[in-house]
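*Asks:* any chance you can model this:
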Amino acid sequence: MRYDLDFKMQVIAYYRHGHSSHATAKKFSVNPEFVLKWVKQYQSGGINAIKPKTSKAKYSSDFKYKVLTTMLKESLSQSEVALTFNISSPALISHWHKAYRQQGMSGLITKPKGRATMSKPFITGKPDDEKTLAELKRENEYLRAEVAYLKKLDALLKAEEQAGKEQDSSKH
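*Replies:* Predicted coordinates:
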């Protein structure tokens, strides 16, 4: 569940008035760990540190590397490093650390998700006599696939048309 900024500020204020994390958590019906996390975030980064994120944060591979080297050099826990660098989830740091141990710097590079968009990369605007042999082969392969697709589509449409005619003739 996401908690808005006003709610977090109320929880922090109640805690800072001398109540324990458990008493605060009970009053606001939240996990006591959340109370302590929000208080630490607020103390280290102010109001911006506890604002709910409006979009998923994207971190560069250099930033991830800096976080990991800081954690290892200074012997900090994942939670401490998350507070230091204003990262919402310490588990994210664990994921980066595992990827770095297994693949090095390439493990820290963000991979694109989903399928690549369809385009016609094989057909260029150059005249045929200016194209390289590789470009001509790729274009030829693309065009063969396109012809095969159109033949199947044509066969499907003819089969549907034939089925429609047979259905009409059976009614009479």
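*Asks:* what about K40, neighbour count?
*Replies:* 16 (other CB atoms under 10 Å). C-beta: built from backbone N, CA, C; applies to glycine.
*Asks:* distance check, it against A82.
*Replies:* From K40 over to A82 the distance is 10 Å, taken as CB to CB, to the nearest Å.
*Asks:* ok, how many other residues are close to K26?
*Replies:* Neighbours around K26, by other CB under 10 Å: 13.
*Asks:* name the element it belongs to?
*Replies:* helix 21-28 (DSSP states H and E).
*Asks:* which parts of that helix are buried?
*Replies:* 21, 24-25, 28 (16 or more other CB atoms under 10 Å).
*Asks:* the longest helix in the protein is where?
*Replies:* For the chain, the helix that runs over the most residues, judged by DSSP state H, is helix 133-171.
*Asks:* against which helices or strands is the least confident helix or strand in the chain by mean pLDDT packed?
*Replies:* None of the helices or strands of the chain scores lower by mean pLDDT, DSSP states H and E than helix 47-50, at a mean of 78. In terms of contacts (3 or more CB pairs under 8 Å, 6 or more residues apart in numbering; DSSP states H and E), helix 47-50 is packed against helix 5-16, helix 32-45.
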